[in-house]
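>>> got a predicted model here, sequence first, then my questions.
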Amino acid sequence: METLLAVLVGIYMCAAVYLMLSKHTIRLILGVALLSNGVNLLIFTAGRLTPEVPAFVPFGATVPDGVVANALPQALILTAIVIGFSLFAFLLVLIYRAYQDLGTDNSSEMKLAEPQSTMPPNGY
Amino acid sequence: MDIKPIAGKEEMAVNLADALVIVPTPLADWLIVAPVIICLAAGGLLMMLQKNIRQHMPVALVALGLVIIADAALLWRVLESGPVVMTMGRWLPPFGITFAADILGVLFALTAAIVAFFGALFAKLDVDNTELRYGFYPFLMMMMAGISGAFLTGDIFNLYVWFEVLLISSFGLIVLGSRHEQLDGTLRYAFLNLVATTIFLVATGYLYGVFGTLNMADIARKAEGLRDSTPLMTLAALFFFAFAMKAAAFPLNFWLPASYHTPRSVVSALFAGLLTKVGIYALIRTGFTLFPDELHAYSGAFAIVAALTMLLGALGALAQNDIRKLMAFTVISGIGVMLMGLALGQPLALAGTIFYALHSMIAMTAIFILAGLMHRRMGTPNLSEAGGLYETSPFLSAIALVLILTVSGLPPFSGLWPKVMLVKAGLDVGAFWLVGVLLVSAFVTTLALGRVFTLAFWRPAPSKVALPPFENKHQSAAIIALLALTVPLVGFGLYPEPLVHVSLSAAEWLQNPQRYIDAVFPVVVTGVAP
């Protein structure tokens, strides 16, 4: 199962990198979404897949009976999902605004921040 | 120790002292979370005051003043009695999230707070009312919460969370105003920084898979036993890659000169001063506390990266026409200088890196503020059209000369001493070529910045029409901010002893992580430890 998930994470990452190498901002952002999902799966897999019961403690006892699933990776992923989603939302608004204002979604046509630079004068 | 069984079957009763911090945290230790709490609270308050923009700056200044006091008190306490540790929820580490402050973290946090304070003062001149209404100060406070948290946390996942907090606030700051070139710059900044933090998260996921813990002190003490059986070299490489990208080291530096000249100058000043240093801090922390052997093994790679970063920064600065782009490249060459200390690795070099980072936080903020003022007075950011400032603003010219000499690392200003330490350390281990590169890059930086002074200040204004007299009622706040940042640069240049001393002890603590580990995991036997 771990192997399968590891391969799946690999596929996610490959697709994400492929998309992020594109010039079009819409593909960039899809790549970012895939990347953050791939990372979430990676954390999940790295935390060991234990097909066990949730970490509940029976009534009256102070420790759980037997083996329970590891709850920490889920907490980490939850945090990462929230963060990833908020960044995704920001980027979505940003690229839409850039598309509206600059009239293109092709990042090599958006050379406003780095125009053909002129050299500084060599003397007075 | 107070042992009381909690409700349950008698034979399964739990000794609370095994799982919880029983002794209440001393009031003074609350100082360690104070910087984060104050920033978050002030950020929230400012959100509520969103429409009353007149009250924004006073609230932010009071809050940042309190943060400075808290950081200074924390520094004093750490120097007096060793690392200060506090664990959230009273769960014993590694289960609770730990904040752990050693000299390095507190020094960085204190300097960052001082820089942010004067940045907030300069913003009075630089940020217009619309941008205030869109929340410049709330973003600033949230970014400071992220930065302070990153410097003080003792948990690697928590470090990631603080990175994201400061990242999303910095997105808000850099895009504030939404001018066209700003949107473009933000796109580049946002995507590349997001990729860097995601790689950091990947590395953290693997780290958890290997160690089963996220507490940095816990990882540090377990790493020794796992070194033969786990791919720590690969893990360390992932961390170093992610943080080098945050710090804008060559060849991962391209986002910085593409974006830092687009926002308001106060924003680029704060970014130049603070954000790349968070990357350097994270490199030092992971390198020396978590992976000391791996850092040593990679020292050759670090040396090459450091040399190329220094050269690229200096040569890039030489080729720029836009003042702020030029300054952005000097930020990069400064990063190269700091990486050189990591490559050399001995205490003197590390102390040089720490000293240089503190110096660079203040100097880079000051020089970007200077660039902002120059732009306002000349009406252009380009050197080709610049000139005449010496005539119209003699006082600003004096400060500019000081700052230019400081950033170039010339005496009697504070840029000199950390470079002296690094050169000494480099000569001690025989890394002559690296020392040579450092000196060459400092020389080229002097040329580039000297040209700024020649063209913008000495040269008469290019047009026959004299520059209009510069009038702005917030002018004095801006000059005070710039002057206040220049004073420590001159002060520590003339009398570097205290800072050299404290950097050396910070380096010594980092070289012996046992002190940090013992602070997080006290050797006191609690309850019935096996």
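Perfect, thanks for sending it. Remember, predicted model here, so these are calculated numbers, not experimental data.
>>> and the residue lying closest to residue B:231 once chain neighbours are set aside, helix, strand or coil?
Of all residues not flanking residue B:231 in the chain, residue B:210 sits nearest, at 7.7 Å (Cβ to Cβ, 6 or more residues apart in numbering or on different chains). Quick note: C-beta positions are derived from backbone N, CA and C, even for glycine. Per DSSP: H, G, I helix; E, B strand; the rest coil, the local secondary structure of residue B:210 is helix.
>>> so what's the residue count around residue B:210?
19 (other Cβ atoms under 10 Å in any protein chain shown).
>>> likewise residue A:61?
11.
>>> all helices of the stretch 151-300 of chain B, in order?
B:156-175, B:180-211, B:216-226, B:232-247, B:255-259, B:265-270, B:276-284, B:292-297, B:299-318 (DSSP state H, counting those that start in this stretch).
>>> ok, the residue in chain A that chain B sits nearest to - contacts?
Closest contact between chain A and chain B, by Cβ to the nearest Cβ, is at residue A:46 (3.0 Å). For residue A:46, the contact set (Cβ atoms under 8 Å, 6 or more residues apart in numbering or on different chains) comprises A:73, B:205-206, B:208-209.
>>> lowest pLDDT pick from these?
Ranked by pLDDT, those bottom out at residue A:73, which has 86.
>>> quick one on the thing from earlier: farthest-separated two in the contacts of residue A:46?
A:73 and B:206 (12.2 Å; Cβ to Cβ).
>>> ok, now how distant is the residue nearest to residue B:273 when sequence neighbours are not counted from residue B:255?
Nearest non-adjacent residue to residue B:273, counting by Cβ to Cβ, 6+ apart: residue B:365, 3.4 Å away. Residue B:365 is 19 Å from residue B:255, where distance means Cβ to Cβ, to the nearest Å.
>>> which one's more surrounded, these two?
A side-by-side neighbour count of residue B:365 and residue B:255, using other Cβ under 10 Å, places residue B:365 first with 29 against 21.
>>> my guess is that one meets residue B:120, correct?
No: with contact defined as Cβ atoms under 8 Å, residue B:365 and residue B:120 do not form a contacting pair (11.4 Å).
>>> any idea which residue sits dead centre in chain A?
residue A:36 (1.6 Å; Cα atoms, centre = their mean).
>>> which positions in whatever helix or strand residue B:58 lives in come out as buried?
Using DSSP states H and E, residue B:58 sits in helix B:56-81. Of the residues in helix B:56-81, B:56-57, B:59-61, B:63-64, B:66-72, B:74-75, B:77-78 count as buried by neighbour count, 16 or more other Cβ atoms under 10 Å in any protein chain shown.
>>> pLDDT of it, averaged?
For helix B:56-81, the per-residue pLDDT averages 92.
>>> if you count contacts, what does it end up packed against?
Contacts defined by 3 or more Cβ pairs under 8 Å, 6 or more residues apart in numbering or on different chains; DSSP states H and E place helix B:56-81 against helix B:34-48, strand B:84-87, helix B:103-126, helix B:136-152.
>>> nearest to chain A among these would be which one?
helix B:136-152 (11.7 Å).
>>> name the helices or strands packed onto that closest one?
Using 3+ Cβ pairs under 8 Å, 6+ apart: helix B:136-152 touches helix B:34-48, helix B:56-81, strand B:98-101, helix B:103-126, helix B:156-175, helix B:276-284.
>>> do that again at 6 Å, thanks
Counting by 3 or more Cβ pairs under 6 Å, 6 or more residues apart in numbering or on different chains; DSSP states H and E, the packing neighbours recorded for helix B:136-152 are helix B:34-48, helix B:103-126, helix B:156-175.
>>> centre of the chain to the next helix or strand after the longest one, how far?
The reference is to helix B:103-126. Next helix or strand after helix B:103-126 toward the C-terminus (DSSP H and E): helix B:129-133. Chain-centre distance of helix B:129-133: 26 Å, with Cα atoms, centre = their mean, to the nearest Å.
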